[in-house]
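Chemist: model this:
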Amino acid sequence: QLQASGGGLVQPGGSLRLSCASSRYILGYYTIGWFRQAPGKEREWISYISNKDGSTEYSDSVKGRFTMTRENAKSTVDLQMDNLKPEDAGVYYCAASDRVSKRSYYYDYWGQGTLVTVSS
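Modeler: Sure, this is the predicted structure:
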């Protein structure tokens, strides 16, 4: 029910835009979160856009560099990633939750993930 796309190879300092596509119902009713998992590491929360008031929150590691937006015309929730660093590399997942949370276990629906590689 969720499909993440937009990953790829980018040099440090570069940008990528990820998209999470789903139905208008899910994107409008649920909180949409982005998580990433680097090789050998646990999945970590990156950001969410709230289903309550549309507000966004970001982890300290990406704050000021990543921006999450609802793109109603495309039925997607996008993650604009700027000034990418090697430590941003990993598989990025979008997920949907009926509550506002940073905790992955509250997210009921998950996309398949899209790979981001940051390397020169």
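Chemist: can you give me the strands for this structure?
Modeler: In the chain, the strands defined using DSSP state E lie at 3-5, 8-10, 16-21, 31-37, 44-49, 56-58, 66-71, 76-81, 90-97, 109-110, 114-118.
Chemist: The shortest one: partners in the sheet, and parallel or antiparallel?
Modeler: Here strand 109-110 has these sheet partners by DSSP bridges: strand 90-97 (antiparallel).
Chemist: Now do the buried residues in the strand it pairs with.
Modeler: Within strand 90-97, the residues scored as buried using 16 or more other C-beta atoms under 10 Å are 90-97. (Glycine included, C-beta is placed from N, CA and C.)
Chemist: Enumerate every residue touching residue 82.
Modeler: With contacts defined as C-beta atoms under 8 Å, 6 or more residues apart in numbering, residue 82 is in contact with 15, 65-67.
Chemist: Oh, that last question was meant for residue 37, not what I typed.
Modeler: 43-44, 90-91, 93, 113.
Chemist: what's the answer for residue 58, then?
Modeler: So residue 58 contacts 46-47, 64, 66, 68 (C-beta under 8 Å, 6+ apart).
Chemist: buried sites along the helix or strand bottoming out on mean pLDDT in the chain?
Modeler: The helix or strand of the chain with the poorest confidence is helix 24-29; it has a mean of 89 (mean pLDDT, DSSP states H and E). The neighbour-count check on helix 24-29 (16+ other C-beta under 10 Å) flags 26-27 as buried.
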